[in-house]
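Undergrad: Can you look at this prediction? I've put the sequence above it.
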Amino acid sequence: MGLIFLTSSFVITGGQLADVVGNALPGPDSRESFHQFWTWTWVLFVKGYHFFEFAVLFWLVRWGLAKSLPWSRPTVIAAAFAFAALFAISDEWHQTFVPTRGGNWIDVLIDVAGITFAAWVTLASHRRKAAAARP
C-alpha cells in the first residue's frame, strides 16, 4: 500500500520515462527507437501496472487476513476484495490532491479488474486443490 501511495504521489510523463530509458539503452538510435516503441505501448505498461499492483495487493491482504483471523475462506476472499477495491478508490481520490494528477474512474475499474483476476485465480486454485484432495 505504501508503494502504491508513493507512486501515486508524483508524476512522471511518458516522455520523461522514454527519455530516461532511451538514454540508458546502448546504441546511437536507442532514444529515438524507444520513443517510437513507447508511443505505441505506453497504455499497456501504465494500465498493466494498475492491474498488477492491485492483484498483488489483493493477494497480500488475503494472505494476511487468512493468517491472522479465524474466518472462512470465502469470507477472507470477500474481505480482501472489498479492502483492495476501497483502497483503489481512495488511491484515485488521493491523486486529486497531487498537482498535475487527477482521479480517474477508468483506473479504478482497471484496479478492480486486477483484484477480480486475483480473486478468480485464488478461487480456482482452492477448487483445484479441493478436487485433488477428494478420494
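TA: Structure received. Numbers count the residues shown, from 1 in each chain.
Undergrad: Okay, and residue 50 sits in which element?
TA: Take DSSP states H and E as the rule and residue 50 turns out to sit in helix 30-68.
Undergrad: Following the chain onward from that helix, which element is next?
TA: Of the helices and strands lying after helix 30-68 in sequence (DSSP H and E), the nearest is helix 73-95.
Undergrad: list the helices and strands that following helix packs on?
TA: Contact analysis of helix 73-95 by 3 or more CB pairs under 8 Å, 6 or more residues apart in numbering; DSSP states H and E lists helix 2-7, helix 30-68, helix 105-133 as its packing neighbours. (C-beta placed from N, C-alpha, C; glycine too.)
Undergrad: Quick one: closest of those helices to residue 17.
TA: Smallest distance to residue 17 across the helices and strands packed on helix 73-95 (CB to CB): 7.1 Å, for helix 30-68.
Undergrad: circling back: flag every buried residue along the helix holding residue 50.
TA: By neighbour count with 16 or more other CB atoms under 10 Å, helix 30-68 contains the buried residues 31, 34, 38, 47, 50-51, 53-59, 61-62, 65-66.
Undergrad: do stretch 91-111 as well
TA: 91-92, 94-95, 103, 107-108, 110-111.
Undergrad: next one: stretch 16-31
TA: 18, 22, 31.
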